[in-house]
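In: This is a predicted model, with the sequence first.
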Amino acid sequence: MMTYPSSKQAASQEAGGKYVSPWPTTFPWRLVCYCQPGVLILGISMFSLRVGCQGSPEHSTSGAASSSSGSNTSIITTFMDVAPELVQERRNASFSPASLTQLVDGGAAKVERRRWLRSLILADPIFSNEDAIYLNHTERYKRALAKCGRLDQLINTHGLSEEDGAVLRSLASEDLPTLLHDLMFLPCLLSLCSEEQQAYWVPLARSKKVLGCYAQTEMGHGSNIQALQTTATFDPATDEFVLDTPTIQSFKWWPGTLGRTANTAMVIARLLLPSSPPLSPSSSYQDLGIHNFIVPLRDLHTHALLPGVVARDIGPKVAFAGMDNGCLELHSVRIPRANLAQRFVRVSRDGVWSRVEGTHPKAAYVTMMQVRAIIVVHSARELSKAATIAIRYSAVRHQGYDADDSGPVKREHQILDYPSQQYRLLPLLAASIGFFFCGRAVQALLAETEQALLLGKKGQAEVGQQMGKAHASLAGLKSLCTTIAAEGIEDCRKCCGGHGYLACSGLPELSGNFLQQCTVEGDNVLLTQQTTGYLLKSYIKWRMGDGSEGERGGLDEDLWYFASASQGEGGGLGREGGRDVQIILDLFSRRAYALLERLALKLQGLTEGEGGKEGGVMSQGAAWKSVLVDVMFVSKAHSLYTILRHFAAGLQGLKEGWDVSGVGGVREGGAFVAVIERLFFLFAYYHLSRETGDFLELGLLSPEEAGRAREELDVLLQAVRPDAVGLCDGWDWSDFELKSTLGRWDGKYELALLESAKREPLNHQDVVGGWDRTWQPQWKVEEQGQAGRAKL
């Protein structure tokens, strides 16, 4: 296997030097990297030609070649030419972007491994995305399906691990139709099925003989899973479950991979068992709520639908064109009793339900929490892509003359030099780093929860507390991170002006693909109820405690701030202007606690009557409904504090040199740590300035301090500005992955835009077909009439 210059090697060049970088043999050139403090200046030392379809330049970025249009079949025809603005931006960076690359990948070895995996994708023409924006839904799906097959071939050929296989699939930069098989179906088998079931189903799923999806959402119900209508009725006579979607509202609607790809589904349905005696004259079945069932949909050899199964694609969406989101109808579909997921529950031969001893009733939610944790991480990655495109473009695009320039040739400003552009973009770059640290922390929390739940390492009460903590944290974080990221990606598109509206900018598809994250695995607004509900229960239990457990009163670690925030006076920015991590954390934690306490008192007044007045009492349900806006704000405040807390913990790890990535420490990473610290404060002050009203209303800031906070934000924007492009480079997105004419590593967006326009099918003919059938017939009639009148 070929090697790449490690992050430490790259960082060691900051003092000046020169090395020849060992690029993959599939890319027929080498780069000589002339190193100046904090920047790599690249030049071609040798190159050769490789014939491709369109002849657009392909440049190497951080160890892999790429094309601005998403092509990996282009040619190099000229000396590598980078926009002078980006050369200067990279020279101005105060740190080595390789440090950030190593941080987000989790170590130098993982950087090297990912780049090697990326080289497999870039060397294979089947993964080209060059003309993807011109394809319709059916064409994108068929192409994506072919990529799925090729990915599995590469995984088998190179003997890749599951982790490497997942990385390889993400590097394909495609809406893969098999996504839900890997993301949900296989994890469901591993977490919800018994050892006997896993022994049968998991090998089939890993070989893709069984291709699965996760069928939960129905046309009439999504987030409210308790109201799902699909039924699984046990038939004791045949020892089978009979699955039905009895109403149009119960049709499964939206599950990815379901429409045309999956041959099996993990179906979420209501378990109905015979009741003796009958529960009522109208029903002889007992409803035991939702359970998981493995349901074959298609013949494994012919892929034809099985009897009673109707599956179809639901049609074009805003984006995500390669995915076959589907609709599923089940009409008396019979499956063996053994197809009930049985790790935690069982149904006996005579139809008796039981829970497996030592398991927790909330175990079925593990897969859902896994996906929410992945979504938090995904928010960081996708937001960083959009920020990279917009910031690079803003660095090379000029707009507006310098009013003080009296020279004969007036110079225009780089767009990125405008404070308004910095205000719109740089906090998003900071957010991507904050989400990264937060995502890493919640994945660790979830791993701990899974260990406790699945391996029985803790008692039932302890497991229940761990589940509640993980569920509440992930619900709020998924809601807030995806909201910020979705809005941020769209802001990045707007920051690119008219060019951002072009599909070839990459931003419309990036935005459209990410928008689904605000709804999938729980609507973002509804999720806030889950987080705030948990916070209220914890708050009430803590307040009612007798103090025997200390001031934290049994609170989990995420809520320890209750104790400190409830103590006396607090808030403010301090004398040093607020560049103190603990001051920031205290400020945001006090805001979260104050909003929660105010909500608790408000609910108490609504349900118990204010001041003992009659007629002021509401039911708990009505009271909760009336405060749903407050519920959203409480969840957001808590989740924002949680992000900042994990951001601060990550920063501390870098400062002290114990981060898992190996980055940091005063000696090796002082400049990089300083950049990350500025990003922490930028993220904090940006949200502090946007939400100043809360802090003023709650008495946590004075008007004078609010003004100082706004001034500090301006200072931070200017401080981060020189490192903006370097931070984008540190995410190590290749041009192939960005799929953007505007976010090219070389900054040459003009050529890329022109080449993209040339590829538009509408331009392949000088005279478009149909022109002669549109207006010409009318012209001929008029011309004939004129000719006839002239003869007269």
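Out: Good, I have the coordinates. Numbers count the residues shown, from 1 in each chain.

In: so where is the stretch 301-450 of the chain shaky, pLDDT-wise?
Out: Scanning the stretch 301-450 of the chain for pLDDT under 70 picks out the ranges 361, 363-364.

In: Please enumerate the strands of it.
Out: 309-313, 326-330, 333-336, 345-347, 353-355, 398-401, 412-414 (DSSP state E, counting those that start in this stretch).

In: can you redo those strands as TSV with mean neighbour count and distance to Trp624?
Out: Where C-beta positions appear, they are placed from N, C-alpha and C, glycine not excepted. Converted to TSV, those look like this (neighbours: other CB atoms under 10 Å; distance: least, CB to CB, whole Å):
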stretch	mean neighbour count	distance to Trp624
strand 309-313	18	38
strand 326-330	23	33
strand 333-336	16	38
strand 345-347	18	30
strand 353-355	12	30
strand 398-401	12	50
strand 412-414	15	51
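
In: In terms of helices and strands, where is the closest residue to Phe681 other than its chain neighbours?
Out: Closest residue to Phe681 apart from its sequence neighbours, by CB to CB, 6 or more residues apart in numbering: Leu716 at 5.7 Å. Here Leu716 sits within helix 703-720, counting by DSSP states H and E.

In: Run through who's touching that helix.
Out: 419, 422-423, 426, 429-430, 572-573, 577-579, 675, 678-679, 681-682, 685-686, 688-689, 692, 695-696, 701 (CB atoms under 8 Å, 6 or more residues apart in numbering).

In: Try it again at 6 Å.
Out: 422, 426, 573, 678, 681-682, 685, 688-689, 692 (CB atoms under 6 Å, 6 or more residues apart in numbering).

In: same deal with stretch 318-333?
Out: 137, 140-141, 144, 174-175, 177, 215, 242-245, 251-256, 258-261, 308-314, 509, 512-513.

In: so how far does that stretch reach from one end to the other?
Out: 33 Å (CA to CA, to the nearest Å).

In: Just checking the distance from it to the centre of its chain.
Out: 22 Å (CA atoms, centre = their mean, to the nearest Å).

In: sorry, back to before: in the helix holding Leu716, what counts as buried?
Out: In terms of neighbour count (16 or more other CB atoms under 10 Å), helix 703-720 has its buried residues at 705-706, 708-709, 712-713, 716-717, 719-720.

In: what's the following helix or strand after it?
Out: helix 724-730.

In: what does the average pLDDT come to for that next one?
Out: The pLDDT scores in helix 724-730 average 98.

In: And that helix, what does it pack against?
Out: helix 97-105, helix 366-396 (3 or more CB pairs under 6 Å, 6 or more residues apart in numbering; DSSP states H and E).

In: Just give me the neighbour total for Asn763.
Out: 10 (other CB atoms under 10 Å).

In: Then the one 3 residues further on?
Out: The burial count assigned to Asp766 is 5, neighbours taken as other CB under 10 Å.

In: Could you do Leu601 as well?
Out: The number of residues near Leu601, taken as other CB under 10 Å, comes to 10.

In: SS state for Tyr214?
Out: Following DSSP: H, G, I helix; E, B strand; the rest coil, Tyr214 is assigned to strand.

In: What's opposite it in the beta bridge?
Out: Assessed by DSSP bridges, Tyr214 has beta-bridge partners Met266.

In: List the contacts of it.
Out: 180, 184-185, 266.

In: Let me have those in JSON lines, extended by secondary structure.
Out: JSON lines is the format used below for the contacts of Tyr214 (three-state DSSP):
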{"residue": "Leu180", "secondary structure": "helix"}
{"residue": "Met184", "secondary structure": "helix"}
{"residue": "Phe185", "secondary structure": "helix"}
{"residue": "Met266", "secondary structure": "strand"}
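
In: Distance-wise, check Glu112 relative to Ala98.
Out: To Ala98, Glu112 is 11 Å away according to CB to CB, to the nearest Å.

In: out of the two, which sits in the more crowded spot?
Out: Shown here are Glu112 and Ala98; by other CB under 10 Å, Ala98 has more neighbours (28 against 20).

In: Report pLDDT for the nearest residue to Asp131 once chain neighbours are set aside.
Out: Distances taken as CB to CB, 6+ apart put Arg759 closest to Asp131, at 6.2 Å, once the chain neighbours are dropped. Arg759 carries a pLDDT value of 93.

In: repeat for the one 4 residues further on
Out: Taken from the predicted model, the pLDDT recorded for Asn763 is 92.

In: And Tyr685, by the same measure?
Out: 97.

In: Same question for the one 4 residues further on.
Out: The pLDDT attached to Ser689 in the predicted structure is 96.

In: Numbering from 35 from now on, please.
Out: Got it, the first residue is 35 from now on, which makes the last one we talked about Ser723.

In: What are the buried residues along stretch 149-161?
Out: 149-158, 161.

In: now the host helix or strand of Gln122: mean pLDDT?
Out: Assigned by DSSP H and E, Gln122 belongs to helix 118-126. Per-region confidence: helix 118-126 scores 96 on mean pLDDT.

In: Equivalent analysis for stretch 569-584, please.
Out: 80.

In: ok, back up a step: what's the distance between the residue nearest to Phe715 and Ala718?
Out: For Leu750, the distance to Ala718 - CB to CB - is 9 Å.

In: so what's in contact with those two at the same time?
Out: In contact with both Leu750 and Ala718: no residue, using CB under 6 Å, 6+ apart.

In: Determine the set of other helices and strands touching the helix or strand where Tyr675 lies.
Out: Tyr675 is part of helix 662-690 when elements are defined by DSSP H and E. If contacts are counted by 3+ CB pairs under 6 Å, 6+ apart, helix 662-690 sits against helix 453-488, helix 494-529, helix 558-577, helix 615-642, helix 700-724.

In: From Arg613, how far out is the residue nearest to Phe715?
Out: Distance from Leu750 to Arg613, by CB to CB: 9 Å.

In: do Thr172 as well
Out: 55 Å.

In: Looking at these two, which one has more neighbours?
Out: Set side by side, Thr172 and Arg613 show more neighbours around Arg613, with 17 against 13, by other CB under 10 Å.

In: host element of that one?
Out: Applying DSSP H and E, one finds Arg613 in no helix or strand.

In: okay, the closest residue to it other than its chain neighbours: pLDDT?
Out: Nearest residue to Arg613 in three dimensions, chain neighbours excluded: Phe715, at 6.1 Å (CB to CB, 6+ apart). We have a pLDDT of 98 for Phe715.

In: Count the residues that sit near Phe715.
Out: 23.

In: ok, now Trp809?
Out: Neighbour tally, Trp809, other CB under 10 Å: 9.

In: mean confidence for the helix or strand hosting Leu179?
Out: Assigned by DSSP H and E, Leu179 falls within helix 171-191. Averaging pLDDT along helix 171-191 yields 96.

In: got the buried residues for the helix or strand following that helix?
Out: Per DSSP H and E, the first helix or strand lying C-terminal to helix 171-191 is helix 196-205. Across helix 196-205, burial judged by 16+ other CB under 10 Å covers 198-199, 201-205.

In: how about a markdown table for those, with pLDDT added?
Out: What follows is the buried residues of helix 196-205, written out as a markdown table (pLDDT from 0 to 100):
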| residue | pLDDT |
| --- | --- |
| Asp198 | 96 |
| Gly199 | 96 |
| Val201 | 96 |
| Leu202 | 97 |
| Arg203 | 96 |
| Ser204 | 96 |
| Leu205 | 97 |
